[in-house]
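*Asks:* Below is the sequence, then the predicted model.
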Amino acid sequence: MTLRISVLDRSPARRGRGSAQALRDTVAFAREIEALGYHRFWVSEHHSVPGVAGSAPTVLAAAVASVTARIRVGTGGVMLPNHRPLVVAEQFGVLESLFPGRIDLGLGRSVGFTDGVRRALGQGREAAAGFGAQVRELLGFFRGDQTIYPGVHAIPAEGLDLPVFLLATGAGADLAAELGLPLVIAPAHGERAMAEAIRRYRDRFTGAEPYVVVSTAVAVADTTEAARRLLVPEAWSTVYSRSHGVFPPLSPVDEILALPMTGRERSRLDDIVATQIGGTAAEVTDRLGALVETTGADELLVSTSAYDQAERVESFAALAELAAPALSG
């Protein structure tokens, strides 16, 4: 393990604990992750999702940065179609000014999962089509470019140099290449499709050096079965959301496995867990090695949730041991 490893936390709610506790758990988890030596800690943006408390990533990033000292803090990501680029630039200008040299700006193009959420955000499905123009506008505010809005300054963002990442697949990877930005990508449509998008990104990259961050779930435990159990709660919430349209709070593993699932639900659950990286230290090392060989990743962004927070921290501690040379560097 010779590459950087970072962490994405979506602030999942756990049944019986509520959203406020989920946010406090994220802040506490960030301190644990920093102590383990990870490179970055990112938070996400989701709206009107009962099982996810992270709806305001810039606010949450500020809370995380205020209780940590070394680890980079950022967003994975701010969904730019939901916001005006000027406001995003100003918000990250404030963050970078308060925590200089530690802030990352990760951008995504989602506009909400339902018509109701999109209406509440004041956006339609078509808003995502303008993502490229919005990214260019946002970058312009950091450079002090007043071509679009003469006389408008993004204070205190103007002149600041902080890393901007694009969370993307397919055409989004092409946009990252065109703008010379680091790419964050997950195997949402399979590792083969991801590898092809990464290849195009590198071939078309226009900046100094392409940079690829591969996002995946990883669980490390003493046995393969114990690692699989760590992955089940979030996998089941994903399966449930596809059947019922609602992503619920995480539930205890034994309760999930005892549910009277349909054959389709059980098959989906098994498929999701199988595509994630879970197992003993040796098994995880082999699978991560294969993933890095396939993608040429420069960095891994690990996004693993579990119902039991203590078990989750133990898994990340075990992963940190595997990656000790990279993390110490």
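*Replies:* Good, I have the coordinates.

*Asks:* What is the lengthiest helix in the chain packed up against?
*Replies:* For the chain, the longest helix by residue count, based on DSSP state H, is helix 224-244. Other helices and strands packing on helix 224-244, by 3 or more CB pairs under 8 Å, 6 or more residues apart in numbering; DSSP states H and E, are strand 218-220, helix 253-257, helix 263-275, strand 277-279, helix 281-295, helix 309-322. C-beta here means a position set from N, CA and C on the backbone, and glycine is covered the same way.

*Asks:* To residue 22, which of these lies closest?
*Replies:* Taking CB to CB, helix 309-322 is the member of the helices and strands packed on helix 224-244 nearest to residue 22, at 10.3 Å.

*Asks:* what does the longest helix of the chain contact?
*Replies:* Residues outside helix 224-244 that contact it (CB atoms under 8 Å, 6 or more residues apart in numbering): 12, 51, 217, 219-221, 246-253, 256-257, 265, 268-269, 272-273, 276, 278-280, 283-284, 304-307, 311-312, 315.

*Asks:* And for stretch 288-302?
*Replies:* Contacts for stretch 288-302 (CB under 8 Å, 6+ apart): 1, 3-8, 39-40, 42, 76, 184, 191, 194-195, 198, 202, 211-218, 277, 316, 319, 322.

*Asks:* Any of those buried? List them.
*Replies:* 1, 3-8, 39-40, 42, 76, 184, 194-195, 198, 211-218, 277, 316, 319, 322 (16 or more other CB atoms under 10 Å).

*Asks:* Show me what the residue nearest to residue 216 when sequence neighbours are not counted is bridged to.
*Replies:* Closest residue in space to residue 216, ignoring its immediate chain neighbours: residue 277 at 5.9 Å, by CB to CB, 6 or more residues apart in numbering. Judged by DSSP bridges, the bridge partners of residue 277 are residue 218.

*Asks:* Need the pLDDT of residue 277.
*Replies:* Looking at residue 277, its pLDDT is 96.

*Asks:* Pretty sure it sits against residue 221.
*Replies:* No - here residue 277 does not reach residue 221: they are 12.0 Å apart, not a contact under CB atoms under 8 Å.

*Asks:* Give the residues shared as contacts by the two.
*Replies:* Both residue 277 and residue 221 lack any common contact, where contact means CB under 8 Å, 6+ apart.

*Asks:* so where's this structure uncertain?
*Replies:* For the chain, applying pLDDT under 70 flags the ranges 1-2, 189, 325-329.

*Asks:* go with 80
*Replies:* 1-2, 113, 169-171, 188-190, 324-329 (pLDDT under 80).

*Asks:* Not including adjacent chain positions, what is the nearest residue to the most centrally placed residue in it?
*Replies:* Of all residues in the chain, the one closest to the mean position by CA atoms, centre = their mean is residue 76, 3.9 Å from it. Sequence neighbours aside, residue 42 is the residue nearest to residue 76 in space, at 3.7 Å (criterion: CB to CB, 6+ apart).

*Asks:* ok so, going back, just the buried members of the contacts of helix 224-244?
*Replies:* Counted by 16+ other CB under 10 Å, the contacts of helix 224-244 give 12, 51, 217, 219-221, 247-251, 253, 256, 265, 268-269, 272-273, 276, 278-280, 283-284, 304-307, 312, 315 as buried.

*Asks:* ranges for the strands of the chain?
*Replies:* Secondary structure of the chain (DSSP state E): strands at 4-9, 40-43, 72-75, 78-79, 103-108, 164-167, 183-185, 212-216, 218-220, 277-279, 299-302.

*Asks:* Put together JSON lines for the ones you listed, with distance to residue 24 on each row.
*Replies:* Listed next are those as JSON lines, based on distance: least, CB to CB, whole Å:
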{"stretch": "strand 4-9", "distance to residue 24": "12"}
{"stretch": "strand 40-43", "distance to residue 24": "13"}
{"stretch": "strand 72-75", "distance to residue 24": "16"}
{"stretch": "strand 78-79", "distance to residue 24": "22"}
{"stretch": "strand 103-108", "distance to residue 24": "22"}
{"stretch": "strand 164-167", "distance to residue 24": "25"}
{"stretch": "strand 183-185", "distance to residue 24": "26"}
{"stretch": "strand 212-216", "distance to residue 24": "24"}
{"stretch": "strand 218-220", "distance to residue 24": "23"}
{"stretch": "strand 277-279", "distance to residue 24": "27"}
{"stretch": "strand 299-302", "distance to residue 24": "21"}
